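Novice: Need the 3D shape of this:
(one chain, ligands or ions: 1)
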Amino acid sequence: MDEDEVPTSWCPSGEAHAPEAVVLGVRSGQDGAVVYLADPVPASRVLGEVPEGVDPRRILRFASHCVSGCVNRRGDDCTLVERVLAKPPAGAAGVPRCHLRTRCQWWSQSGVDACRRCPAVSTRHRADDELAELIADPATTREQLDAWIAAEAG
Ligand code: SF4
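Specialist: Prediction:
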C-alpha cells in the first residue's frame, strides 16, 4: 500500500500478518466453513496460539486492508470475489452475521451474493482442490470457471 493511501475497504480473505489484520472467523466442521466472530479480534493476539508448522489460514480467516497492489485488484474492484461468485452457494446458504460488513470490499461490490459464498472460501486451500486453485488464480476467466463447473456437474 502507498504511504499516503487511506484504505476505505477491507479484504475478507486477507493477510494474517498485516499489522491491521483481524480474525474474521474460524474454519470448522468437516467442510471447513467459516464461523464468523461476533467482534473483530486482532490477529496478533491469536497468531501466537497457532501450533508451529500450521498455516494459520488453514484454521482461521483473516481480514486486512484491501490494497491497490493486490494481484486481484482491477481499478477499485476485486476480481477474486468475481471468481468466487462463479461457484454456487452451498445448499440454502444464508447471509452470515459478520462484523466486517460495513467495511467489506466483497459486500460493497457484490452484496448478499458474496456473503452466501463467503463461508466456503479458504484463503489457504488444499493443493488438490482444483476449483479453489482456479478461483484463486487472477488469470482464470469466468468462462473457464463456468466450463469447469459445468463439466463437473456432468
Ligand atoms: S462477504 Fe459478507 S460475510 Fe464475507 S466478510 Fe464480507 S460482509 Fe462478511
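
Novice: Tell me the predicted confidence for the nearest residue to Thr79 once chain neighbours are set aside.
Specialist: Of all residues beyond its chain neighbours, the one nearest Thr79 is Asn72 (4.9 Å), with distances taken as C-beta to C-beta, 6 or more residues apart in numbering. Yep, even glycine has a C-beta here, placed from its N, CA and C like the rest. pLDDT, Asn72: 96.

Novice: For the ligand, see how far away Asn72 is.
Specialist: 14 Å (C-beta to the nearest ligand atom, to the nearest Å).

Novice: for this structure, what's the longest helix?
Specialist: For the chain, the longest helix by residue count, based on DSSP state H, is helix 142-153.

Novice: that older thread, how many residues are close by the residue nearest to Thr79?
Specialist: 18 (other C-beta atoms under 10 Å).

Novice: Next: Val50.
Specialist: Neighbours of Val50 using other C-beta under 10 Å come to 15.

Novice: Ala114 now?
Specialist: Neighbour tally, Ala114, other C-beta under 10 Å: 23.

Novice: what about it, which helix or strand?
Specialist: Taking DSSP states H and E as the criterion, Ala114 maps to helix 112-117.

Novice: got the buried residues for that helix?
Specialist: Asp113, Ala114, Cys115, Arg116, Arg117 (16 or more other C-beta atoms under 10 Å).

Novice: and if you look at stretch 140-148?
Specialist: Thr140, Leu145, Trp148.

Novice: Can you give the contact residues for that stretch?
Specialist: Here stretch 140-148 makes contact (C-beta atoms under 8 Å, 6 or more residues apart in numbering) with Glu82, Arg83, Ala86, Lys87, Glu130, Leu131, Leu134, Ile135.

Novice: now swap in stretch 82-90 and tell me
Specialist: 31, 33, 106, 110, 113-114, 116-121, 131, 134-136, 140, 142, 145-146, 149.
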